[in-house]
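1. I would like the atomic coordinates for the input below:
(chains A and B)
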Amino acid sequence: MLQITNIRTNKEAYIAGLKKRNFDAESIFDEILALDETRRATQTELDFILSESNKISKEIGNLFKSGKAGEANSLKAKTAEFKENSKKLSETFSEVSEKLQQLLYTIPNVPHDSVPAGNSEEDNEEIFREGEIPVLHGNALPHWELAKKYELIDFELGNKITGAGFPVYKGKGARLQRALIAYFLDKNIEAGYQEYQVPLLVNEASGYGTGQLPDKEGQMYHVGEDDLYLIPTSEVPITNLFRGNLLNENQLPISCTAYTPCFRREAGSYGAHVRGLNRLHQFDKVELVNLVKPEESYRTLEKMVEHVKGILRELELPFRILRLCGGDLGFTSALTYDFEVFSTAQDRWLEISSVSNFETFQSNRMKIRYKDKTNKKELVHTLNGSSLALPRVLAGILENYQTKNGIEIPKILRPYSGFDSI
RNA sequence: GGAGAGAUGGCAGAGUGGUAAUGCAGCAGAUUGCUAAUCUGUCGACGGGUAACCGUCGCCAGGGUUCGAGUCCCUGUCUCUCCGCCA
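-> Prediction:
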């Protein structure tokens, strides 16, 4: 959520920034500023009236104490008018404040200066590419065929017990999943992240905190009876751990990592590109979350990018990094780098990590602040990134490491998997 | 699921109708000096003001009673204890 004072002072720059994601902010900003104006004027007026009636109440109290009940009672009559006015004003005040809040919820984050304008993923900017794309033998298969051939993943069993998009991993497939999770967590801990295990269901306030609500209501599974949401990413529970906290400067930066399953309804996304592991309702992910001082956040973002690069290098997978254009940028993000692995057998790039800086967009909603040296309270910047999303990493490994005789396991994973090939 | 207790500032913790004690931590200043002590101020949010400052709100949330509510009433949320059920 944008800060109202910033809209007031940077209106033109914000409008220009939001244009990059094809969001026309002009009229909504005008509406917001008008409401803000009304809100402040109402408060000033209301404050005055309350101040007067407080004075009278105090006087009445004193009169009663000194036994002058008659005078006190005549003063009581005077307060009736104040009461009526203040009731009206405070109704206006809360109506206006509520409306203001609702409008602010509908505005996405302002993209960083470096974000290119654009409408879709076509306009994303490739900024880095590394690794060799392997030349596969003539009968190379896509991962869903490999998964079947080597009995690693059973999609039909998942259909039977739950539905499409809920695969069952078995044998070496399941063990490889566990190896990847352990390897990713170890890498993150080595880089200074603290590991967490968090609930997989969260309440409504948490959904609002990180920005999934109200924007992506339909994308989360909702347990109606208990009014809880299945997490679409561990970003939600982890970042919300700090909701409402006032931190000391010396507690920052806070770096967390967690493995969780993630649940996404993916309503409306069907088609050729959702086969196999490409798009699932439940998948595993290891996540990074950072809470940092504002002046450090872009340096932290670069560090996170380098960290993910390091993992992909060790896995020896060909990858590229995209800077997302305005049109493809998530609602809450100011700058996002997507990592994609090249899937040779499908002959296309698969997104496996997304690393973002949210600046104060989430912390403003959650009121995550810290006290700086001069005791001033400031919102922290929040960042997160996947390290990594398992299914597509698995798809990339299966497809790129296949040979005529089976599938090799990347060397770095062998101590974790306990086997060298499939 | 049943019964009871509770929710007060960054933390701890008083306060049963007269307008939020006190302690700790933090910050600023003063002072004495040596791995720190003492004193004073500050120490939640919002609004107004260049500022000193002023005002309002704030005791889980939302309503109500009252001239006046942390305190009384209603509704809801959450936490804890005991019982029941159970991995």
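2. surely residue A:166 meets residue A:280?
-> Yes. Using Cβ atoms under 8 Å, residue A:166 is in contact with residue A:280, at 7.2 Å. Just so you know, the C-beta spots here come from the backbone N, C-alpha and C atoms, and that holds for glycine as well.
3. of those two, who's got more company?
-> Higher neighbour count among residue A:166 and residue A:280: residue A:280, with 23 against 17, using other Cβ atoms under 10 Å.
4. out of everything not next to it in sequence, what's closest to that one?
-> Distances taken as Cβ to Cβ, 6 or more residues apart in numbering put residue A:165 closest to residue A:280, at 4.8 Å, once the chain neighbours are dropped.
5. tell me which element that neighbour falls in.
-> Here residue A:165 sits in a region with no helix or strand, counting by DSSP states H and E.
6. what do you get for residue A:320?
-> Taking DSSP H and E as the criterion, residue A:320 maps to strand A:319-323.
7. returning to that earlier point: what about the residue nearest to residue A:280, how many neighbours?
-> The number of residues near residue A:165, taken as other Cβ under 10 Å, comes to 18.
8. so who does it touch?
-> Contacts for residue A:165 (Cβ atoms under 8 Å, 6 or more residues apart in numbering) come out as A:158, A:266, A:279, A:280, A:281, A:282.
9. which residues does the residue of the stretch 201-350 of chain A found nearest RNA strand B contact?
-> For the stretch 201-350 of chain A, the residue closest to RNA strand B is residue A:246, as judged by Cβ to the nearest atom of the strand, at 4.4 Å. Residue A:246 makes contacts with A:369, A:370, A:371, A:377, as judged by Cβ under 8 Å, 6+ apart.
10. mind checking pLDDT for it?
-> Among the per-residue scores, residue A:246 holds a pLDDT of 79.
11. what bridges to it?
-> Per DSSP bridges, the residues bridged to residue A:246 are residue A:369.
12. for the stretch 201-350 of chain A, which residues are neighbours of RNA strand B?
-> residue A:246 (Cβ under 7 Å from any atom of the strand).
13. what ranges do the strands span in the stretch 201-350 of chain A?
-> Along the stretch 201-350 of chain A, the stretches classed as strands by DSSP state E, counting those that start in this stretch are A:201-202, A:222-223, A:228-230, A:246-248, A:254-263, A:282-292, A:319-323, A:335-343, A:348-359.
14. contacts for the third one, please.
-> Looking back up the chat, that one is strand A:228-230. A:200-204, A:206-207, A:212, A:220-223, A:263.
15. in terms of helices and strands, where is residue A:10?
-> Applying DSSP H and E, one finds residue A:10 within helix A:4-19.
16. that helix - contacts with which helices or strands?
-> Packed against helix A:4-19 by the contact rule (3 or more Cβ pairs under 8 Å, 6 or more residues apart in numbering; DSSP states H and E) you find helix A:26-65.
17. JSON lines for the contacts of residue A:165, including pLDDT and distance to residue A:190?
-> Listed next are the contacts of residue A:165 as JSON lines, based on pLDDT from 0 to 100; distance: Cβ to Cβ, whole Å:
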{"residue": "A:158", "pLDDT": "92", "distance to residue A:190": "34"}
{"residue": "A:266", "pLDDT": "79", "distance to residue A:190": "33"}
{"residue": "A:279", "pLDDT": "85", "distance to residue A:190": "31"}
{"residue": "A:280", "pLDDT": "91", "distance to residue A:190": "28"}
{"residue": "A:281", "pLDDT": "92", "distance to residue A:190": "32"}
{"residue": "A:282", "pLDDT": "94", "distance to residue A:190": "28"}
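18. closest to residue A:136 out of the residues you listed?
-> Among those, residue A:279 lies closest to residue A:136 (Cβ to Cβ), at 23.3 Å.
19. that closest one contacts residue A:266, correct?
-> Yes. The criterion here is Cβ under 8 Å, and residue A:279 meets it with residue A:266 at 6.0 Å.
20. that'll do, ta.
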